[in-house]
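[1] What shape does this take:
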Amino acid sequence: MTNYNILYIHSHDTGRHIEPYGFPVSTPNLANLAQQGTLFRHAFCVASSCSAARASLMTSLYPHQNGMTGLAHRGWHLTDYSKTLVAFLNDQGYHTALMGESHITPYDETEFPHQNRSRTLQPTRAVAQ
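    As a prediction, this is how the structure comes out:
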């Protein structure tokens, strides 16, 4: 079985207003990724709040099914963090990493609670400030 590289990008409040969707906002790297990968043109949000919408993407369940019917930083949480895309990919042997914030966990850590927290990501090159 072939293991494919998976790059899942979910930005905050971007909408479709970037180059791959035909808008005049120059995002050449995202446009290149879209040309080589899968671009969703008919996706719809199942919830109006950030945490509930992201939790639905990560669990493939509606908010009332996954428990995230409010904002994570306001005390809402998933019913079962082991039933997420991250957990599924980890079980299939994939290494997963989160850059930024998930908005579906009340924890300060960047990994889900069921994962091994001993791993840390080290930068591969210096980043200019």
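[2] Show me what the mean pLDDT comes to for stretch 35-54.
    On average, the pLDDT along stretch 35-54 is 86.
[3] For the remainder of this discussion, apply numbering that starts at 54.
    Sure, I'll start numbering at 54, so the last one becomes stretch 88-107.
[4] What's the end-to-end length of that stretch?
    Terminal residues of stretch 88-107 lie 24 Å apart, using Cα to Cα, to the nearest Å.
[5] now that stretch: how far from the chain's centre is it?
    10 Å (Cα atoms, centre = their mean, to the nearest Å).
[6] which residues sit against it?
    60, 63, 65, 73-74, 109, 115-116, 121-126, 129, 155-157 (Cβ atoms under 8 Å, 6 or more residues apart in numbering). Placement of C-beta: from N, CA and C, glycine included.
[7] Filter the residues you listed down to the buried ones and hand me the PyMOL line.
    Buried residues among the contacts of stretch 88-107 (16 or more other Cβ atoms under 10 Å), as a PyMOL selection:
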select buried, resi 73+74+109+116+121+125+129+155+156+157
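[8] Among the contacts of stretch 88-107, which lie within helices?
    Assigned to helices by DSSP state H, the following of the contacts of stretch 88-107 qualify: 109, 116.
[9] can you give me the end-to-end distance of stretch 69-83?
    In stretch 69-83, first residue to last residue: 12 Å (Cα to Cα).
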